[in-house]
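Asks: Coordinates for the following, if possible.
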Amino acid sequence: MVILKEEFQQLPERQINDIQLEETLFEILEYIQIENSRNSLVSYSRISKQFSISKVTSQRRIESLIEKGLIFLKKQGRTKILYVTDKGKNFLDQRSAIKTY
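Replies: Reported below is the predicted structural model:
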């Protein structure tokens, strides 16, 4: 039942340069960026474990980030590895600049 509540919970959003992003999507994007900078591979299952969400929920959230052009994936065998795009990096940089004010 708790999982269902999380699935339908209305989340706060962040908007920068016409990109509206729910708080959880922002956290996922930020996590992928941090792990990419450490040369660590990020997969769908790793997102599920890190954020304690179901695989279906992680797939939906990742697909949303892909549709917005903030991340992309590369297949390595059967595993889909996630990377932040330049657009995603710019979004995070602008968000960091806003936080410092």
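
Asks: Would you agree residue 62 is in contact with residue 44?
Replies: Yes. Counting by C-beta atoms under 8 Å, residue 44 is a contact partner of residue 62 at 6.3 Å. For every residue, glycine as well, the C-beta is placed using N, CA and C.

Asks: Could you name every residue contacting both of the two?
Replies: Shared contacts of residue 62 and residue 44 (C-beta atoms under 8 Å, 6 or more residues apart in numbering): residue 82.

Asks: For these two, indicate the residue with more neighbours.
Replies: Between residue 62 and residue 44, counted using other C-beta atoms under 10 Å, the more crowded position is residue 62 (23 against 17).

Asks: Could you pull up the residues touching that one?
Replies: 28, 44, 47, 71, 73, 82.

Asks: Check which helices and strands the host helix or strand of residue 48 is in contact with.
Replies: Here residue 48 sits within helix 44-51, counting by DSSP states H and E. Under the contact definition 3 or more C-beta pairs under 8 Å, 6 or more residues apart in numbering; DSSP states H and E, helix 44-51 sits against helix 23-37, helix 55-67, strand 79-84.

Asks: The longest one vs helix 55-67, what angle?
Replies: Angle, helix 23-37 to helix 55-67, by axes from the mean of the first three to the mean of the last three C-alpha atoms, to 10 degrees: 80 degrees.

Asks: I'd like to know which elements helix 23-37 is packed against.
Replies: With 3+ C-beta pairs under 8 Å, 6+ apart as the test, helix 23-37 has strand 13-16, helix 44-51, helix 55-67, strand 79-84, helix 86-100 packed against it.
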